[in-house]
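Asks: With the sequence up front, the predicted model follows.
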Amino acid sequence: MKAGPVRPSAVAGSWYPGEAPGIRAEVERYLADVPGAPLPGRLIGLIAPHAGLRYSGPVAAHAYATLRGRARLVAVLVGPSHRAAFDGVALYDRGAFETPLGRAVIDEATAARLLEGGVAVVADERPHRLEHSLEMQLPFLQHLVPDLRIVPLLMGSQVREEVDALAAALARVAGAPDVLLIASSDLSHYHPAEVANRLDAQVVAEVEALRPEALMDLLERSHEHACGGGPMVAVMKASRAAGARAARVLRYADSGDAGERDKSRVVGYLAAALLAPT
């Protein structure tokens with residue numbers, strides 16, 4: 001069988017370290033600050049941020065610490081497109097994503113299932129070339145999971161119809177052994193911390209209550225709340241269809257809690273787990 005295309009890293013050396021030892025050291029530093037408490041349920045989905053590692057890494061670590069000890073995983077990554085404008089959902093359906101930690105191979109069987117029965121999800125590698133929202137999940141995933149496969153999906157318009165169609169596609173694979181849905185999203189952007197925290201609290205409340213429909217309503221009323229709201233709603237809906245009955249907010253913070261600690265213009269970050277009864 002002919003090997004698929006390899007997508008080279010778009011942001012290694014800028015958004016996160018450009019060499020494997022530096023990535024592992026930084027990821028381990030953030031994971032070391034996360035308690036090892038077990039989750040009260042079976043993990044179906046995660047929500048994690050995607051900013052530069054120095055800013056969102058301490059929050060993302062709370063999501064990815066739930067994967068400690070996992071030997072194998074098919075990570076279905078759903079994120080927003082920041083650089084390419086299009087309608088629908090672009091799936092990178094073969095080949096691999098490459099980072100300084102190696103190649104994360106596409107799980108082609110899962111990708112094929114997502115392409116069945118609808119027109120919203122299409123095989124299209126082009127929007128992925130420069131996008132960071134999915135790549136920023138790989139430092140944690142590649143470091144933690146020895147046998148990792150990925151299924152990368154980028155959302156274009158994130159309108160309700162697109163979200164619902166993607167949720168239906170994700171529901172076909174959600175909850176299967178070793179499959180984990182991951183929504184990549186930052187929250188509000190570039191407000192003073194007190195404004196950002198107030199806006200973000202509305203999103204956090206809907207996630208914690210596992211109310212994807214209410215979150216979609218909130219996102220339609222205002223675009224200030226999240227850049228990856230569509231991925232969050234789609235993953236929440238699909239997780240619920242696969243048996244998730246609870247959400248656990250693992251960590252919330254803003255960019256002013258890291259780096260230069262500037263609270264005048266921050267970005268919000270959320271880590272959450274979507275859980276089915278054991």
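Replies: That came through, no problem. Residues are numbered from 1 along each chain as shown.
Asks: What segments of the stretch 51-200 of the chain are helices?
Replies: Secondary structure of the stretch 51-200 of the chain (DSSP state H, counting those that start in this stretch): helices at 53-64, 108-114, 138-144, 160-171, 193-208.
Asks: okay, the third one in PDB with CA atoms only?
Replies: Extracted C-alpha coordinates of helix 138-144, given in PDB (Å, rounded to 0.1, in the frame of the first residue of the first chain):
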ATOM      1  CA  LEU A 138       0.700  16.500  19.800                       C
ATOM      2  CA  PRO A 139       3.500  17.500  22.300                       C
ATOM      3  CA  PHE A 140       1.400  15.900  25.100                       C
ATOM      4  CA  LEU A 141      -0.100  13.100  23.100                       C
ATOM      5  CA  GLN A 142       3.200  11.900  21.600                       C
ATOM      6  CA  HIS A 143       5.000  12.200  24.900                       C
ATOM      7  CA  LEU A 144       2.400  10.200  26.900                       C
END
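Asks: Now do the SS call for Leu210.
Replies: coil (DSSP: H, G, I helix; E, B strand; the rest coil).
Asks: Any chance of the backbone angles for the nearest residue to it once chain neighbours are set aside?
Replies: Excluding the flanking residues, the one nearest Leu210 by C-beta to C-beta, 6 or more residues apart in numbering is Ala247, at 4.5 Å. Placement of C-beta: from N, CA and C, glycine included. Backbone geometry at Ala247, expressed as degrees, to the nearest 10, gives phi -130, psi 140.
Asks: Just list whatever residues bridge to the spatially most central residue of the chain.
Replies: Taking C-alpha atoms, centre = their mean, the centroid of the chain lies closest to Ser184, which sits 2.5 Å from it. Applying DSSP bridges to Ser184 yields these beta-bridge partners: Ala48.
Asks: give the contact list for it.
Replies: 48-50, 77-80, 133-134, 136-137, 228, 231 (C-beta atoms under 8 Å, 6 or more residues apart in numbering).
Asks: Kindly recompute the last result at 10 Å.
Replies: 46-50, 60, 77-80, 131-137, 152-155, 227-228, 231-232, 235 (C-beta atoms under 10 Å, 6 or more residues apart in numbering).
Asks: What's the mean pLDDT across stretch 143-154?
Replies: For stretch 143-154, mean pLDDT rounds to 98.
Asks: Direction included, what does the strand ranked longest in the chain pair against?
Replies: Identified as the longest strand of the chain according to DSSP state E is strand 266-276. The pairing partners recorded for strand 266-276 under DSSP bridges are strand 42-48 (antiparallel), strand 189-191 (antiparallel), strand 246-254 (antiparallel).
Asks: Rounded mean pLDDT for stretch 230-237, please.
Replies: Average pLDDT, stretch 230-237: 98.
Asks: Tell me how far it lies from the chain's centre.
Replies: Counting by C-alpha atoms, centre = their mean, to the nearest Å, stretch 230-237 is centred 10 Å from the centre of its parent chain.
Asks: Now restrict the contacts of Ser184 to buried residues only.
Replies: 46-50, 60, 77-80, 131-137, 152-155, 227-228, 231-232, 235 (16 or more other C-beta atoms under 10 Å).
Asks: need the contact list for Arg72.
Replies: For Arg72, counting by C-beta under 10 Å, 6+ apart, the contacting residues are Val145, Pro146, Asp147, Leu148, Arg149, Pro177, Asp178.
Asks: Gly4 is nearest to which of the helices of the stretch 51-200 of the chain?
Replies: helix 108-114 (7.7 Å; C-beta to C-beta).
Asks: what number of residues lie near His223?
Replies: Using other C-beta atoms under 10 Å, His223 has 11 other residues around it.
Asks: same deal with Pro277?
Replies: By other C-beta under 10 Å, the residues close to Pro277 number 10.
Asks: ok, it touching Ala246?
Replies: Yes - with contact defined as C-beta atoms under 10 Å, Pro277 reaches Ala246; the gap is 8.1 Å.
Asks: Please enumerate the shared neighbours of those two.
Replies: Joint contacts of Pro277 and Ala246 (C-beta under 10 Å, 6+ apart) are Pro40, Gly41.
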